[in-house]
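Participant: this is the structure alone, sequence omitted:
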């Protein structure tokens, strides 16, 4: 059947879809604010200060006296001052060299290290509670790995009007996958796909899912080339889309001005995805040297999601546990090889299902794979920011960049594990 017979939803539905999703989230937003206030009260009591979570939304915040690390250059500035006004860094430098605005709220960072907020380049955020957990663990920016019913688009809007409740989010909408499952109910223009005997595989069906995503306001398209590693009944090395099908998805996304991230595991699947033109390869445990060279040539990013694979090794399911133990060392070698070849790397936790893992854990695993500490930190700052197209505003604390920061109790260049538990997080100039 020709699924293109009915035109895809017009762009005016994007706003409607966003508002519907935002309404669905509204019940949890109030709870998130209450919890945020409770957490803020606990932190304030411990420090003797009583800041409001939204005190600096339209005012000034000064992060005073910390040791500032610039991931872009590796420069370390002691006794630094960062001035954030209306959510944007206005000045940064050594104490005494920076003019501090009067009546600005001050966040004391003496004895601590100050870094830009981190970026989780692969996370599934379906609720306001998950979004809040992510930002509180230091992921002030993120890229969605897709959701079932466009919840990530609503989370993106939540972040725009309430940045203290969610990371700045690049939304992927719904997964372009052969079996949409309940996702066929996410939009009226997807329901016709439920009648396809072989699932979403024809060029017409693939284009439709991409176009519905674009009409709903997705910033990026997510697809797969292999089955899942996290389901014991599936074979992660089994290929579900061909090079031709992947190329169709990439072409449809490009017509809308968007890139594609691709779930992958097998070497052949990775190679087909990269040569089809995806923007980033996700997971990629068995990616080979020929594909890594192609990625370097094309500038294709590698988001290995080491955290998710390491998590499999801790599973109670024996099949998943063995899979994790087998895949993790292979993936670590792939990450180190990619780094050595100059393939751009981005950190992503692949958190989903209500459990949000700290993006600092992914940095820790990048370091364990053999990356130098600074390069590991870059995968969750400047590197991930470039992947998301945010390199001019995210990943550094420099003039004109967004006022997102994390404050650590020690030197992350000596111990990247400190990134897993920031002492404080600042989101758009709002101390959390």
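Facilitator: Alright, I've got the coordinates. Everything numeric here is computed off the predicted structure, so don't read it as measured data.

Participant: and residue 428, what does it touch?
Facilitator: Residue 428 makes contact with 57, 87, 163, 164, 402, 403, 404 under the criterion C-beta atoms under 8 Å, 6 or more residues apart in numbering. C-beta here means a position set from N, CA and C on the backbone, and glycine is covered the same way.

Participant: recalculate using a threshold of 7 Å.
Facilitator: 87, 163, 402, 403, 404 (C-beta atoms under 7 Å, 6 or more residues apart in numbering).

Participant: wait, doesn't the third one sit right on residue 88?
Facilitator: Looking back up the chat, that one is residue 402. Yes: using C-beta atoms under 7 Å as the test, residue 402 is close enough to residue 88 to be in contact (6.3 Å).

Participant: more neighbours, the two?
Facilitator: residue 402 (26 against 15; other C-beta atoms under 10 Å).

Participant: nearest spatial neighbour of that one, chain-adjacent residues omitted?
Facilitator: Leaving aside its sequence neighbours, residue 402 sits nearest to residue 393 (C-beta to C-beta, 6 or more residues apart in numbering; 5.1 Å).

Participant: for that neighbour, grab the count of nearby residues.
Facilitator: Using other C-beta under 10 Å, residue 393 has 18 neighbouring residues.

Participant: and residue 255, by the same measure?
Facilitator: The tally of other residues near residue 255 (other C-beta under 10 Å) stands at 12.

Participant: now the terminal residues of stretch 171-178, how far apart.
Facilitator: Using C-alpha to C-alpha, to the nearest Å, the end-to-end distance of stretch 171-178 comes to 20 Å.

Participant: for the residue nearest to residue 299 when sequence neighbours are not counted, give me its contacts.
Facilitator: Nearest residue to residue 299, sequence neighbours excluded (C-beta to C-beta, 6+ apart): residue 344, at 6.7 Å. When contacts are counted by C-beta under 7 Å, 6+ apart, residue 344 touches 299, 301, 383, 386.

Participant: check residue 231 too.
Facilitator: Contact criterion C-beta under 7 Å, 6+ apart gives no residues in contact with residue 231.

Participant: check which element follows the helix or strand bottoming out on mean pLDDT in the chain along the chain.
Facilitator: The helix or strand with the lowest mean pLDDT-type score in the chain, counting by mean pLDDT, DSSP states H and E, is helix 12-47 (a mean of 43). For helix 12-47, the succeeding helix or strand toward the C-terminus, using DSSP states H and E, is strand 60-69.

Participant: run the chain-centre distance for that next one.
Facilitator: 25 Å (C-alpha atoms, centre = their mean, to the nearest Å).

Participant: list the strands paired with whichever helix or strand comes after it, with their directions.
Facilitator: Using DSSP H and E, the helix or strand that follows strand 60-69 in sequence is strand 76-85. Within its sheet, strand 76-85 is paired with strand 60-69 (antiparallel), strand 88-94 (antiparallel), according to DSSP bridges.
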